[in-house]
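Peer 1: turn this into a structure:
(one chain, ligands or ions: 1)
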Amino acid sequence: MGVLNVTPDSFSDGGDAVLAARAIEAGRRMIAEGAGILDIGGESTRPGAVPVFLDEEQRRVLPVIAALAGRGVPLSVDTRNAGTMAAALDAGATIINDVSALSHDPAAAALVAHRSCPLILMHMRGTPATMMSHATYDDVVAEVLAELAARIGVAEAAGVARSQIAIDPGLGFAKTAEHNITLLQRLPILLGLGCRVVVGASRKRFIGLLSGVEDAKQRMAGSVAAGLYALSQGATVLRVHDVAETVQAVRVWQRLAG
Ligand code: HH2
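Peer 2: So this is what the prediction gives:
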């Protein structure tokens with residue numbers, strides 16, 4: 001899953017049209033590089049990030065979704081807002097990736113159920129603005145497992161089929177580096193929930209801590225290493241910034257690991 005952030009802090013600021021054109025170009029490149037899904041988001045969820053308004057989020061992502069739809073690669077929309085989910089599905093996205101696991105917008109669960117689309121439920125506590133103050137656990141694996149199970153319960157109660165749900169431990173979201181490492185090492189426990197597991201380790205702060213690399217853009221090799229380890233632990237989708245390098249590594253790893 002290639003990460004396509006349509007946010008001014010991820011692309012240099014040249015206005016909406018420049019932002020969209022650059023994202024579309026990056027998306028085409030990721031498709032050529034072998035991405036299996038493109039994850040398109042218009043709101044940064046980095047620790048402390050300020051939420052964007054709905055119309056602004058949609059102005060960013062919808063043209064990019066419309067331009068990249070129908071190119072043979074499914075598009076997911078990375079949003080917590082039901083209005084953006086609906087508009088993105090109308091524009092050609094087919095998967096919802098909600099970092100709040102349907103807890104941010106009360107209308108989201110019914111919308112996803114009604115549209116019968118695949119859904120990624122990511123674990124987080126609090127909001128991107130507050131999450132790092134919630135990074136305390138007695139047993140991070142047991143608590144993330146229980147909280148994801150509860151979110152699956154909410155989705156199913158609204159009418160989402162379990163077969164449509166994937167789960168994600170939410171590395172870095174209300175988690176310290178130690179929590180991220182423990183979750184990756186004990187990832188197979190999450191498979192017990194009967195859903196596919198998505199992992200987003202790419203360029204995150206804990207990769208920088210483990211590797212000693214300060215600049216996020218220079219963390220490709222460490223991210224690939226974490227991704228291959230996540231696959232060996234049962235993950236089936238890797239959310240990554242460096243598609244070509246990850247695809248190359250995964251192809252070799254898959255053949256060797258059988
Ligand atoms: N991480 C980020 C955003 N969305 N979605 C899922 N399912 N899993 C993740 O780990 C995940 C996610 C944050 O990463 P990034 O795209 O690098 O930052 P930003 O939110 O600023 O775009």
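
Peer 1: need the contact list for A93.
Peer 2: By Cβ atoms under 8 Å, 6 or more residues apart in numbering, the contact set of A93 is I40, I65, A69, L75, S76, V77. Placement of C-beta: from N, CA and C, glycine included.

Peer 1: the last one and R125, how far apart?
Peer 2: Spatial separation of V77 from R125 under the definition Cβ to Cβ, to the nearest Å is 23 Å.

Peer 1: give me the more crowded residue out of these two.
Peer 2: Counting neighbours by other Cβ atoms under 10 Å for V77 and for R125 shows that V77 has the greater number, 31 against 20.

Peer 1: okay, the more buried one: pLDDT?
Peer 2: Note on V77: pLDDT of 98.

Peer 1: verify the stated contact: it with A66.
Peer 2: No - look at V77 against A66 with Cβ atoms under 8 Å: they stay out of range, at 11.9 Å.

Peer 1: got the residues of the stretch 51-200 of the chain near the ligand?
Peer 2: For the stretch 51-200 of the chain, the residues in contact with the ligand (Cβ under 6 Å from any ligand atom) are D78, N97, V99, I120, M122, D168, G170, L171, V198, G200.

Peer 1: so how far is G36 from the third one?
Peer 2: The reference is to V99. Where G36 is concerned, V99 sits at a distance of 20 Å (Cβ to Cβ).

Peer 1: same deal with the last one?
Peer 2: In this structure, G200 lies at 14 Å from G36, with Cβ to Cβ as the measure.

Peer 1: comparing these two, which residue is more hemmed in?
Peer 2: G200 (30 against 15).

Peer 1: all strands of this protein, in order?
Peer 2: 2-5, 38-41, 75-78, 95-98, 119-122, 165-168, 196-199, 237-238 (DSSP state E).

Peer 1: A88: which of those strands is closest?
Peer 2: strand 75-78 (3.7 Å; Cβ to Cβ).

Peer 1: contact partners of that closest one?
Peer 2: Taking Cβ under 8 Å, 6+ apart as the rule, strand 75-78 contacts 1, 37-41, 43, 45, 61, 65, 68-69, 84-85, 88-89, 92-97, 99, 118, 120.

Peer 1: which non-adjacent residue is nearest the residue of the stretch 51-200 of the chain found nearest the ligand?
Peer 2: With Cβ to the nearest ligand atom, the shortest gap between the stretch 51-200 of the chain and the ligand falls at G200, namely 2.2 Å. Residue nearest to G200 in three dimensions, not counting chain neighbours: R239, with 3.7 Å by Cβ to Cβ, 6 or more residues apart in numbering.

Peer 1: next one: A226
Peer 2: A201 (3.9 Å).

Peer 1: helices and strands of this protein: which one bottoms out on pLDDT?
Peer 2: helix 15-32 (a mean of 92; mean pLDDT, DSSP states H and E).

Peer 1: whether it contacts the ligand - can you check?
Peer 2: No - Helix 15-32 lies apart from the ligand when judged by Cβ under 6 Å from any ligand atom; the minimum separation is 11.8 Å.

Peer 1: flag every buried residue along that helix.
Peer 2: L19, A20, R22, A23, I24, A26, G27, M30, I31 (16 or more other Cβ atoms under 10 Å).

Peer 1: CA atoms of that helix as CSV?
Peer 2: What follows is helix 15-32, C-alpha atoms only, in CSV (Å, rounded to 0.1, in the frame of the first residue of the first chain):
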residue,chain,number,x,y,z
GLY,A,15,-1.6,25.8,-4.1
ASP,A,16,-4.3,23.2,-4.5
ALA,A,17,-3.7,22.5,-8.2
VAL,A,18,0.0,22.0,-7.8
LEU,A,19,-0.6,19.8,-4.7
ALA,A,20,-3.0,17.6,-6.7
ALA,A,21,-0.8,17.4,-9.8
ARG,A,22,2.2,16.3,-7.7
ALA,A,23,0.1,13.7,-5.8
ILE,A,24,-1.3,12.3,-9.1
GLU,A,25,2.2,12.1,-10.5
ALA,A,26,3.5,10.3,-7.4
GLY,A,27,0.5,8.0,-7.5
ARG,A,28,1.2,7.0,-11.1
ARG,A,29,4.8,6.3,-10.2
MET,A,30,3.7,4.1,-7.3
ILE,A,31,1.4,2.2,-9.6
ALA,A,32,4.3,1.6,-12.1
